[in-house]
Each structure stands twice: as structure tokens, then as C-alpha cells.
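Pasting a predicted model and its sequence here:
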Amino acid sequence: MKLFSSILNTIPRPYLIKISYVVRPFFTLFYKGTKYTDPIDGKGFRKFLPYGYGTQRPNVLSPSTLSLERHRLLWLYLKNETDFFTTPKKVLHIAPEQCFLKRFKKLKNLDYITADLYSPIVDVKADILDLPFNDNSFDVVLCNHVLEHIVDDKKAMQELYRVLKPNGLGIFQIPQDLNLEKTYEDFSITSPEERAKHFGQYDHVRVYGKDYFDRLRAVGFKVDEVDYAKKITADLVDRYRLVKGEILPVCHK
């Protein structure tokens, strides 16, 4: 099992996506149990897999959907606090997570479009700095754990704002250090090794601080800082393997 965990945590993501289709059924069967539950598919497990670049977080990667804490938090928020699953919506999903892709595509109420520059599973090959969509096109835009990879994140945020409809919903999760008042970035750091050392991952270009929400507001978004885990009982936070204190940036235009 250590070999499979190493593969999941070290190979480039485009290849990981392809390999995961093969290993996922094995993980689901091997870890079957009742202690923990993945709310995305409702399956139970005796434990989850470890995950993380460098220092791994134990018990966080769902064996069945390969979802992480942030994915399960987003799923619960969309399911319990919005009409995402019931009302007709045109949705743009940048760099779609595998745990969501097929499930969102199956929803008959959604006109669901996926886009990314590198992912092998998207509908549209597109650069987030120059999205090939008209202004005010989408009711919902999802773009999670992308902006920390983008040097010109302001331009990317402006593009997300541009394609979102007035009153539309955007959720743009990022890895965030809430102990930092200001985002830490240094574009002279370019090697994978130094980026991992400074920013936590070899392909990250910054660590967002508390000012992330104001960066979104600066391009026009109205931002609610939602600590959604507070609305979930402590028992379920543990059962679903969520992280206390993660803030969802829930944006409107």
C-alpha cells in the first residue's frame, strides 16, 4: 500500500488521473469499513489514505472518489446550502476534480462545461488568463486549487469575474495560511525544489494569506468568507474527514 500511496502523491497530475481509474476499485475494496464515510458517494471505510507533497496528511484521501478534505467540504456546501443540484444552471468548472466530473455531468439540471490547459479530461482546452467564453456566460464558476499556480492571478480572477453572470456564484478554493496577514509570493523563486520549500508544492508560486479574499474583492467580487465546517457537528467533521477552519470563498458578481 505504501507503493500506491507514493504513486498517488508524486506523479504528475495528468498521469495520476489516468492511473487512478485503475487503482481506485482496489482501494475501495481494500479499505471498506464503517468508521469513516465519503459524503460524495456515501461509501464507508475503515480509514482513508494519506496524501500530501512532502509531509503527508494521514487519513484524508477517500479510497473511492479520491476526494480530499476540501472536495468533501465543497460537496456538502453545494448540496446543503445551494440549489446547485436542483435548479437549471450553466456551469464552468476550471480544472475539474475527478471526484466531481462524472457526477456533475450526470446532473440533468446542469449545462456543465469543463476547461483547463493541461487536463486530459476536460471539454475545452483553455488558458485561465484568456478564457474563450463570452462575458456573463455562466451561472456558476468553480475554480479550485488553481490560482496558486498562476503568476498573474489578478488577470485570472478578472477572467473568472468576466465570464460569471450578474448574481452568479463562484467558488475559488485555494491552499491558505490564515496565520499570514498578507500573501507570500516571490517570483524570483523558479526551481521546483525552491518552490516546494517556500510555497509547499513544486508547482505553486505563492502561499495565500488572509488578504486572499480582498484580492478577489479588488476585481469586483462580493465575497462571503464561509467557515462551513462550523455548521457541521464534530462527529460528522471527523467521519467525513474534514478540516476545521477551512474558509470557503463564496463569491458573487
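Everything's here; your move.

C-alpha from now on. contacts and neighbour counts both.
Noted.

packing partners for the helix or strand hosting residue 34?
For residue 34, the enclosing helix or strand under DSSP states H and E is strand 32-37. If you count contacts as 3 or more CA pairs under 8 Å, 6 or more residues apart in numbering; DSSP states H and E, strand 32-37 packs onto strand 44-45, helix 234-239.

Note down every partner strand of that strand and its orientation.
strand 44-45 (antiparallel) (DSSP bridges).

before we move on, back to that, export the helices and strands packed on strand 32-37 to a markdown table and tack on distance to residue 204, mean pLDDT and mean neighbour count?
Formatted as a markdown table, those follow (distance: least, CA to CA, whole Å; pLDDT from 0 to 100; neighbours: other CA atoms under 10 Å):
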| stretch | distance to residue 204 | mean pLDDT | mean neighbour count |
| --- | --- | --- | --- |
| strand 44-45 | 32 | 97 | 22 |
| helix 234-239 | 28 | 97 | 14 |
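
Any chance of a markdown table for those, columns distance to residue 170?
Converted to a markdown table, the helices and strands packed on strand 32-37 look like this (distance: least, CA to CA, whole Å):
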| stretch | distance to residue 170 |
| --- | --- |
| strand 44-45 | 30 |
| helix 234-239 | 24 |
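
Nearest to residue 92, out of those?
Closest to residue 92 of the helices and strands packed on strand 32-37 is helix 234-239 (CA to CA; 28.4 Å).

same for the closest one, what does it pack against?
Going by 3+ CA pairs under 8 Å, 6+ apart, helix 234-239 lies up against strand 32-37.

distance of residue 120 from residue 203?
18 Å (CA to CA, to the nearest Å).

quick revisit: among the helices and strands packed on strand 32-37, which comes closest to residue 218?
Per CA to CA, nearest to residue 218 of these: helix 234-239, 32.6 Å.

Report pLDDT for residue 121.
Residue-level confidence at residue 121 comes out at 86, pLDDT.

how about it, what does it touch?
By CA atoms under 8 Å, 6 or more residues apart in numbering, no residues touch residue 121.

Is it within a helix or a strand, and which one?
Per DSSP H and E, there is no helix or strand for residue 121.

how far away is it from residue 71?
Residue 121 is 18 Å from residue 71, by CA to CA.

Same check on residue 229?
13 Å.

Could you list the domains of the protein?
2-66, 72-252 (automatic domain parsing).

weakest of the ones you listed by average pLDDT?
Among the domains of the chain, domain 2-66 scores lowest, with a mean of 78.

Now do the contacts for the nearest residue to residue 173 once chain neighbours are set aside.
Spatial nearest neighbour of residue 173, excluding adjacent residues (CA to CA, 6 or more residues apart in numbering): residue 144 at 4.5 Å. Residues near residue 144 by CA under 8 Å, 6+ apart: 94, 95, 171, 172, 173, 174.

Now, those residues that are in strands?
94, 171 (DSSP state E).

quick one: which of the contacts of residue 144 is nearest residue 30?
Nearest member of those to residue 30, counting by CA to CA, is residue 95, at 28.9 Å.

Beta-bridge partners for residue 164, please?
Beta-bridge partners, per DSSP bridges, of residue 164: residue 138.

these two touch, right, it and residue 253?
Yes: at 7.0 Å, residue 164 counts as touching residue 253 under the criterion of CA atoms under 8 Å.

Compare those two (neighbour count), which wins?
residue 164 (25 against 17; other CA atoms under 10 Å).

How about the secondary structure of the residue nearest to residue 56 when sequence neighbours are not counted?
Nearest residue to residue 56, sequence neighbours excluded (CA to CA, 6+ apart): residue 50, at 6.0 Å. Secondary structure state of residue 50, per DSSP: H, G, I helix; E, B strand; the rest coil, is strand.
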